[in-house]
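Participant: pasting the sequence and the predicted model now:
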Amino acid sequence: MGAGPGPREVPLSKVIGAMSYALDLTEGEPPGHAVRTCMIGMRLAQELGIGEADRRDLFYALLLKDAGCSANSARMAALFAVDDRRAKRSSKRVDWSRSFTAFLWTLRTVAPGSSLRSRAVQLMSIREETEITRSLMRARCDRGAEIARLLGLGPGTAAAIRALDEHWDGHGQPEGLRAEEIPLGARILCLAQTVEIFHAARGLDAALRVASRRSGGWFDPQLVSALRRTRRDAAFWRSLPAGDLSLWEPPERRLTADDAYLDRIADAFAGVVDAKSPWTYRHSDRTCMIAMSIAALLGRNERELGEMRRAALLHDVGKLAISNQILDKPARLTEDEYALVRRHPLHTASILERTPGFSGLAQVAGAHHERLDGSGYPYGLDSGALTVPMRVLAVADVYEALTSPRPYRPAMNSEQALGVMRSDVPRRLDRDAFSALEAVLEERLDEAPAASTAVDDALRAEAVLSRRLRG
Ligand SMILES: [Fe+2]
Ligand SMILES: [Fe+2]
């Protein structure tokens, strides 16, 4: 493991900075939100004279603050009967500490376009689920902190992410921590993300007004004072749209990512993707194991296997841009919804393209829904353009999807899935990759002949095991 395709070492800040665009998609924020939040938070840290070691922890906490965000997308969509990305976006703009405002927000947000009666029913279910919501917030925070730990970042990073949604007055989530009980890093995250949102939408004065209004409520008053002092630094505020992080990473503590570390980052973001929907909670992981097995059987070398591993783990990163209302819909998608789904490989490719160490994966990962006869998406590429790794990934992706349950059908067993796929070979799916898949499954069936689900269990166990070994 670990023989990846990228350069031997790349600056970690550049990798995480680029991958944070995937988190922006999940939160429904404009591209670059996490990067600009990082710049604002680091400018605050400078104003406060925070020490270098703490600043590095803070730097990565600011970039990864939403790493757990996909963990509550599905529930948010179900609870509010709304596009989770829209709900997440607007929830950051409303002052939850004022109950009347929160009530109005909920009334406006739930079940848009439906009757007053069904909105009332939805509202009632939300009231009943306050505790569930709180536990979901906790899941989001814990998941984000866990990802920071998986990436080997300092304890200060995980602690800041975990307490991101706590408020100075004790009315935040999930623990209701108050004032200095909240780690300083988390207080900075909370202020910086709000300031970024209002600064991007309405300019600096509006952002400062919101910060002042919520000072002592959401925000630490001392941090708000420090923020006001940065008002004079016009050059800084002008530099925000360019999103250049290089000035803000503490120089003596710069981290680099080698091949093994890039593998860990791919693992971590596969986890973010899989947490998005209960219907795909192991999809990236299992697709990776299946694709690797096929590629190994086809005689790919170690470097190519390393590339396949990362491409498979990250192939659906663009799905973070799709609402769970669509991903988890228990019925046929409308034309418009399907058009959105068909765009996810484009998001995957554009995120990977801009990420140092992963840019070489963009074409393979972005082509997993292309088919040999040109009937796939997003480009309708055909056999002349589809490389062996692209063909392998397509076969692995289809097999994994068919053998997992979907909101509109139960999981197929191995034989059923192979039967469905066989009718697409060789017109749409590659013959060699498919034969290799059959061989892989037969091999495993020999090992565990009890039932075809044993294959899945074996694959799952292997995936878990290999992930643990790597971690
Ligand atoms: Fe996909
Ligand atoms: Fe997929």
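Facilitator: Here it is on my side, so go on. Ligands and ions are numbered 1, 2, ... in the order given.

Participant: all helices in the stretch 251-400 of the chain, in order from the N-terminus.
Facilitator: For the stretch 251-400 of the chain, the helices defined by DSSP state H, counting those that start in this stretch cover 259-275, 283-297, 302-314, 324-327, 335-341, 344-353, 362-366, 388-402.

Participant: what parts of this protein come near ligand 2?
Facilitator: Asp316, Asp397 (Cβ under 5 Å from the ion). C-beta: built from backbone N, CA, C; applies to glycine.

Participant: quick one: low-confidence parts of the chain?
Facilitator: Applying pLDDT under 70 to the chain picks out residues 1-8, 72-82, 86-133, 136, 252-253, 444-471.

Participant: residue ranges for the strands of it, please.
Facilitator: 10-11, 256-257 (DSSP state E).

Participant: count of neighbours near Ala234?
Facilitator: Neighbour count of Ala234, defined by other Cβ atoms under 10 Å: 10.

Participant: nope, Pro330 is what I was after
Facilitator: A total of 9 residues lie near Pro330 under the criterion other Cβ under 10 Å.

Participant: how about it, what does it touch?
Facilitator: Pro407, Tyr408 (Cβ atoms under 8 Å, 6 or more residues apart in numbering).

Participant: please repeat the previous calculation with a cut-off of 10 Å.
Facilitator: Trp279, Arg406, Pro407, Tyr408, Arg409 (Cβ atoms under 10 Å, 6 or more residues apart in numbering).

Participant: so which of those would you say is closest to Ala433?
Facilitator: In terms of Cβ to Cβ, no member of these lies closer to Ala433 than Arg406, at 22.6 Å.

Participant: got a list of what that closest one touches?
Facilitator: By Cβ under 10 Å, 6+ apart, the residues touching Arg406 are Ser277, Trp279, Thr280, Leu327, Asp328, Lys329, Pro330, Met412.

Participant: now those: which count as buried?
Facilitator: Ser277, Trp279, Thr280, Leu327, Asp328, Lys329, Met412 (16 or more other Cβ atoms under 10 Å).

Participant: what about the residue in the stretch 201-350 of the chain that ligand 2 sits nearest to, how many neighbours?
Facilitator: Closest approach of the stretch 201-350 of the chain to ligand 2 (Cβ to the ion) occurs at Asp316, with a separation of 4.3 Å. For Asp316, the count of nearby residues is 25 (other Cβ under 10 Å).

Participant: quick check: phi and psi on it?
Facilitator: Note on Asp316: backbone dihedrals following degrees, to the nearest 10 are phi -100, psi 20.

Participant: how far does stretch 10-21 sit from its chain's centre?
Facilitator: With Cα atoms, centre = their mean, to the nearest Å as the basis, stretch 10-21 stands 14 Å off its chain's centre.

Participant: stretch 160-168 too?
Facilitator: 19 Å.

Participant: so which of the buried ones among the contacts of Arg406 comes closest to Ala268?
Facilitator: Set against Ala268, the nearest of these by Cβ to Cβ is Thr280 (16.6 Å).

Participant: next up, the contacts around the closest one.
Facilitator: Counting by Cβ under 10 Å, 6+ apart, Thr280 touches 74, 273-274, 286-287, 316, 319, 327-328, 400-401, 404-406.
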